[in-house]
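Visitor: No letters, just coordinates:
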Ligand SMILES: Nc1ncnc2c1ncn2[C@@H]1O[C@H](COP(=O)(O)OP(=O)(O)OP(=O)(O)O)[C@@H](O)[C@H]1O
Ligand SMILES: [Mg+2]
């Protein structure tokens, strides 16, 4: 019988930790592998970040990620949302995999992997979600069968209604950013596969966009410093 993850409180779920993908600190959550009755899942818990960050921003981050996961429930390369024990945490399906640039037991066949990754990214865009943080390679995982898995949807951007022209424009740009992440990864692990169809980051928003990106990165660095003891 499959476990009903919603039957457990956050405290109870934390007791079933069998290993840890990431330890919470500063602006980072705990990401734990948990196992109940032989079934595994991943618990992402923002309350493990620094106190003020967890209190003020934690619920917002958790809500954003759950919203994107729910919208992608029919997409196989993204884990299913299984439960929300509180406003700062959620449980998702565990997909046996390794981060693509740190894979030790899995050896991807690069042409196949990039074909599948491109399909996976197209699929989430069709479902109305731009991931927006795929340029960080720890968010792209690979299964033993060589299938891509996309995690960490906290920065995801949803496509709005047809009349919302501004939203549609931004969504289009973020989809391009996701595609440029594929190019970035390819450049790193299999540069021989690069071709003219690959999207380069500099093409997306011109100089103004690159300047905005630098401002964004500076804000992110500053918030990490401020919220880290
Ligand atoms: N559903 C999942 N199935 C398997 N592994 C997962 C899953 N979710 C997360 N992981 C693992 O945990 C790691 C961290 O998860 P995630 O990226 O969501 O958290 P994070 O706080 O953003 O961490 P980071 O800053 O390292 O990206 C991933 O790189 C991956 O190795
Ligand atoms: Mg991540």
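Guide: Done, it's in. Source: prediction; values computed, not measured. Ligands and ions are numbered 1, 2, ... in the order given.

Visitor: What strand or helix carries the residue in the chain positioned nearest to ligand 2?
Guide: Ranked by CB to the ion, the top residue of the chain for proximity to ligand 2 is residue 152, at 3.4 Å. Quick note: C-beta positions are derived from backbone N, CA and C, even for glycine. When elements are assigned from DSSP states H and E, residue 152 belongs to no helix and no strand.

Visitor: if I pick it, what's in contact with it?
Guide: 65, 133, 136, 138-139 (CB atoms under 8 Å, 6 or more residues apart in numbering).

Visitor: how about 6 Å then?
Guide: 133, 139 (CB atoms under 6 Å, 6 or more residues apart in numbering).

Visitor: what do you get for residue 194?
Guide: residue 186.

Visitor: Then the one 5 residues further on?
Guide: When contacts are counted by CB under 6 Å, 6+ apart, residue 199 touches 176, 179-180, 183.

Visitor: now residue 36
Guide: By CB under 6 Å, 6+ apart, the neighbours of residue 36 are 3, 16.

Visitor: who's it bridged to?
Guide: Note on residue 36: beta-bridge partners by DSSP bridges are residue 39.

Visitor: can you check residue 45 too?
Guide: residue 30, residue 89.

Visitor: For it, grab the count of nearby residues.
Guide: For residue 45, the tally of surrounding residues (other CB atoms under 10 Å) stands at 23.

Visitor: so it makes contact with residue 28?
Guide: No - Residue 45 is beyond contact range of residue 28, at 10.5 Å (criterion: CB atoms under 6 Å).

Visitor: Please report how far residue 168 lies from ligand 1.
Guide: According to CB to the nearest ligand atom, to the nearest Å, residue 168 and ligand 1 sit 27 Å apart.

Visitor: Does that residue belong to a helix, a strand or coil?
Guide: helix (DSSP: H, G, I helix; E, B strand; the rest coil).

Visitor: Tell me the one of the contacts of residue 199 nearest ligand 1?
Guide: Using CB to the nearest ligand atom, residue 180 is the member of these that sits closest to ligand 1, with 18.0 Å.

Visitor: Do me a favour and get the end-to-end distance for stretch 16-31?
Guide: Counting by CA to CA, to the nearest Å, you get 13 Å between the two ends of stretch 16-31.

Visitor: To clarify, my last question referred to stretch 87-106.
Guide: End-to-end distance (CA to CA), stretch 87-106: 35 Å.

Visitor: What are the buried residues along it?
Guide: Neighbour-count burial for stretch 87-106, counted by 16 or more other CB atoms under 10 Å, picks out 88-92, 94-95, 97-100, 106.

Visitor: repeat for stretch 144-160
Guide: Result for stretch 144-160 [16+ other CB under 10 Å]: buried residues 147-157, 159.
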